[in-house]
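*Asks:* I would like to see how this sequence folds:
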Amino acid sequence: MHAYRSSGHQPQGDDQLNERLGLQLSEHRSKYAVLWFGVAAIGVFAVFAVAFTSSTVMLVLLLIAAVACAGWVGVLMVLTPKRVALYEHGLLIDRRTRRPMRLFFEDCRSVFYDYEVSSTVIGTRVTSGDLRLEDAAGAVLTLSANLKDAVSLFRHIDRVCVKPVAREAHEAYHAGEVLRFGAVALSTAGLGVKGELEDWSNLRKVQVSPKGFWFHLRGRVMSEFVAFGKVPYAFVLVELLEAAGCELEFIEGFARRPS
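*Replies:* A predicted model of the protein is given here:
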C-alpha cells in the first residue's frame with residue numbers, strides 16, 4: 001500500500017500557483033516577532049547600566065550578554081517562518097530570507113511530529129511539538145508550535161493530510177498488505193522493526209512515548225527503539241498497532257492524537 005499522496009502537476013507562475021491554493025482560511029504569524037521588544041529592552045537596560053557602572057569587567061559582561069541575546073533572537077527569527085497562511089488546498093509560507101514557499105495538500109507525502117520531553121521534579125513535561133511536512137519532491141517544511149493559533153492549524157493539517165492516509169492504511173492492513181512507517185513495517189502476518197517481519201506472537205508489548213516507540217520482543221534483552229520524529233504518520237501507526245491487538249503502554253504524557 002502506498003499511503004502517501006501522489007505528486008500533482010504544478011503549473012508555472014505565481015498567479016496560477018496562488019489560484020490553485022484556493023481561498024485563504026486563516027493566517028498564523030510567528031510569536032518570535034515579539035522577542036525584538038525584549039532585545040530593545042535589554043539594549044535600553046545595557047545603556048543605562050553602562051552609564052552608571054564604573055567597572056570595566058561589568059561593562060564587558062553586559063555587552064556580551066546583549067550581543068548574545070540579540071544573536072539568539074536573530075537565529076530564531078531567521079529559522080522560523082514569518083507567516084503561514086492556510087488555504088483550502090495548501091499552505092503559503094512567508095520565509096524571511098528566501099522566496100515564499102507553497103505546499104499543496106495533495107502533494108503532501110509524509111507528516112512527522114517532533115516533541116520535546118523533559119523530566120522535572122513534578123513529573124514529565126511534554127512540549128507541544130513541531131510539525132514537519134514532506135512533499136512529493138522531497139522538500140521539507142517545518143511548522144513551529146510557536147506560530148499563533150498553531151493548534152487549529154495543526155488540526156486542519158491532521159484532518160486533510162493524515163486522516164485520509166489513516167483510512168487507506170486501515171483498508172490496506174486488513175487486505176493483508178505490508179505497510180511501512182520508516183523503520184517499522186507491519187501486516188496481518190507480523191511486525192518488523194529495522195528488519196524482516198516477525199510473527200505477532202514474538203511481540204510482548206509496545207511502549208509509546210512522545211520520545212518514540214519501544215518494541216519489546218520475546219527472547220531479546222534490549223527493546224528496539226524508534227524515535228517518534230522518525231516515523232511518518234506516527235499516530236496512524238499507533239492506530240494500526242491497536243487494530244492488531246498489541247499490548248500498548250502509553251507513557252510520558254503520550255496522547256493518541258496531536259493536540
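*Asks:* could you give the average pLDDT over stretch 233-242?
*Replies:* Throughout stretch 233-242, pLDDT has a mean value of 96.
*Asks:* so for it, what gets flagged as buried?
*Replies:* For stretch 233-242, a neighbour-count test (16 or more other CB atoms under 10 Å) marks 233-241 as buried. To be clear about C-beta, it is placed using only N, CA and C from the backbone, and glycine gets the same treatment.
*Asks:* just give me the closest of the residues you listed to Arg155.
*Replies:* Comparing those against Arg155 with CB to CB places Phe235 closest, at 12.3 Å.
*Asks:* quick one: that closest one from Gly129, how far?
*Replies:* When distance is defined by CB to CB, to the nearest Å, Phe235 is 12 Å away from Gly129.
*Asks:* please apply the same query to Glu239.
*Replies:* Here the distance between Glu239 and Gly129 works out to 18 Å (CB to CB).
*Asks:* equivalent analysis for Val226, please.
*Replies:* For Val226, the distance to Gly129 (CB to CB) stands at 16 Å.
*Asks:* quick check: domain ranges of this structure?
*Replies:* Domain assignment for the chain by automatic domain parsing gives 32-79, 179-250.
*Asks:* what residue ranges in the stretch 1-150 of the chain score low on pLDDT?
*Replies:* Low-confidence segments of the stretch 1-150 of the chain (pLDDT under 70): 1-14, 31-63, 65-81, 95-98, 128.
*Asks:* please repeat the previous calculation with a cut-off of 80.
*Replies:* Scanning the stretch 1-150 of the chain with the threshold set as pLDDT under 80 gives 1-18, 30-82, 95-100, 117-128.
*Asks:* which stretches of it form strands?
*Replies:* Here the stretch 1-150 of the chain has its strands, by DSSP state E, counting those that start in this stretch, at 24-29, 83-87, 90-94, 101-104, 108-120, 123-135, 140-143.
*Asks:* one more: the stretch 151-259 of the chain?
*Replies:* Per DSSP E, counting those that start in this stretch, the stretch 151-259 of the chain carries strands over the ranges 179-181, 184-187, 190-193, 198-199, 203-209, 212-217, 224-227, 248-250.
*Asks:* redo those as TSV? Include mean neighbour count, distance to Leu143 and mean pLDDT.
*Replies:* Below are the strands of the stretch 151-259 of the chain laid out as TSV (neighbours: other CB atoms under 10 Å; distance: least, CB to CB, whole Å; pLDDT from 0 to 100):
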stretch	mean neighbour count	distance to Leu143	mean pLDDT
strand 179-181	19	20	97
strand 184-187	21	24	96
strand 190-193	20	28	95
strand 198-199	13	36	94
strand 203-209	19	22	95
strand 212-217	20	20	96
strand 224-227	16	19	96
strand 248-250	14	25	93
